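J.: Return atomic coordinates for the entry below.
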Amino acid sequence: MVEIEVTGTTVTIQVVGGHQVLALREHISFDLANITAVTRAEVDRRPPWVRAPGTFFPGVIAAGTFRGKGRKEFWDTRFDGRALRFELAGAPFTRIVVDVDDPDRILRALQTAVAA
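T.: Predicted coordinates for the structure are as follows:
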């Protein structure tokens with residue numbers, strides 16, 4: 001699980017609790033302008049096949065950095081329908097898929113921040 005904070009034009013994704021150990025990361029920051037799309041993540045979506053570093057148990061959890069052809073993605077999800085998918089350009093990651101407490105509230109907050 002993560003907490004998402006928007007400060008000015010910076011989005012910070014803070015990995016919380018034991019997920020920091022599984023994902024081997026405490027936080028990720030990027031600019032609002034790097035976001036090309038944010039949607040609820042599909043439950044059946046899976047990360048690219050190269051895990052470097054992180055944790056992956058099919059259908060249970062994906063946490064960490066995953067690489068595929070031309071992609072570098074960060075995942076922290078338990079595949080339970082509470083994940084958001086960020087598509088990014090010009091940022092260290094091309095995609096971020098993370099579980100949040102209230103996906104609809106976070107989507108509204110990000111849309112408000114982008115519109116401002």
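
J.: what's stretch 74-85 in contact with?
T.: Contact with stretch 74-85 is made by 1-2, 13, 15, 19, 22-23, 25, 28, 37-43, 45, 47, 54, 59-66, 93, 95-101, 103, 106-107, as judged by C-beta atoms under 8 Å, 6 or more residues apart in numbering. In short, each C-beta sits where N, CA and C put it, glycine included.

J.: Pull out the buried positions in it.
T.: Of the residues in stretch 74-85, those buried under the neighbour-count criterion (16 or more other C-beta atoms under 10 Å) are 74-79, 82-85.

J.: where's that stretch relative to the chain centroid, distance-wise?
T.: Taking C-alpha atoms, centre = their mean, to the nearest Å, the mean C-alpha location of stretch 74-85 is offset from the chain mean by 7 Å.

J.: Extract the CA atoms of it and return them as CSV.
T.: Only the C-alpha atoms of stretch 74-85 are listed here, as CSV (Å, rounded to 0.1, in the frame of the first residue of the first chain):
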residue,chain,number,x,y,z
PHE,A,74,7.2,0.2,-10.3
TRP,A,75,4.5,-2.0,-8.8
ASP,A,76,3.1,-2.3,-5.3
THR,A,77,-0.2,-4.2,-5.6
ARG,A,78,-2.0,-7.2,-4.2
PHE,A,79,-4.3,-7.5,-7.2
ASP,A,80,-7.4,-6.8,-5.2
GLY,A,81,-8.9,-4.0,-7.3
ARG,A,82,-7.6,-1.0,-5.4
ALA,A,83,-4.7,-0.2,-7.7
LEU,A,84,-4.1,2.9,-9.8
ARG,A,85,-2.1,2.8,-13.0
